[in-house]
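K.L.:
okay, structure incoming, though there's no sequence with it:
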């Protein structure tokens, strides 16, 4: 019986995790990517909406309330995707990614 390698299991787990937060897989020929819309990018970074100290709507990053201006600067304006061939993110500063993949 042939068993898949740990690397193959890790790849499948990573794909499932990225799709679970809202990524959409796209493949063509030898290109294999998972693209993220702005809501999925917010989840990757760890930006959430909630209620601030005064009860007003607020934006939070790692549990701390931040300004809309700061949040908009953290969210990339271009396309963000995970290249499954290179196993790396493209279009986003990886230091911002707050979830474990």
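P.N.:
The structure has been received and is ready for your questions. Here the structure is a predicted model, which is why all the values come from computation and not from measurement. Numbers count the residues shown, from 1 in each chain.

K.L.:
low-scoring stretches of this structure, by residue?
P.N.:
1-9, 52-55, 101 (pLDDT under 70).

K.L.:
run through the residues that contact residue 66.
P.N.:
47, 59, 60 (CB atoms under 8 Å, 6 or more residues apart in numbering). Every residue, glycine included, has its C-beta placed from N, CA and C.

K.L.:
residues contacting the first one?
P.N.:
Residues touching residue 47, when contacts are defined by CB under 8 Å, 6+ apart, comprise 59, 60, 61, 66, 71, 74, 75.

K.L.:
quick check: the farthest pair among these?
P.N.:
60 and 75 (13.7 Å; CB to CB).

K.L.:
in CSV, list the contacts of residue 47 along with distance to residue 32.
P.N.:
Output for those, formatted as CSV (distance: CB to CB, whole Å):
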residue, distance to residue 32
59, 33
60, 33
61, 30
66, 34
71, 30
74, 27
75, 24
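
K.L.:
most neighbours, which of these?
P.N.:
Greatest neighbour count in the contacts of residue 47, by other CB atoms under 10 Å, goes to residue 59: 20 neighbours.

K.L.:
how far off centre is the strand or helix carrying that one?
P.N.:
Using DSSP states H and E, residue 59 sits within strand 57-61. Offset of strand 57-61 from its chain centre (CA atoms, centre = their mean, to the nearest Å): 18 Å.

K.L.:
that one pairs with which strands, and in what direction?
P.N.:
Take DSSP bridges as the rule and strand 57-61 pairs in its sheet with strand 47-51 (antiparallel), strand 64-66 (antiparallel).

K.L.:
outside of it, which residues touch it?
P.N.:
Strand 57-61 is contacted from outside by 45-52, 65-68, 70-71, 74, using CB under 8 Å, 6+ apart.

K.L.:
by contact count, what packs against the helix or strand hosting residue 69?
P.N.:
Taking DSSP H and E as the criterion, residue 69 maps to helix 68-74. Counting contacts by 3 or more CB pairs under 8 Å, 6 or more residues apart in numbering; DSSP states H and E, helix 68-74 packs against strand 57-61.

K.L.:
wait, doesn't residue 32 sit right on residue 85?
P.N.:
Yes: applying CB atoms under 8 Å, one finds residue 32 in contact with residue 85, separated by 5.8 Å.
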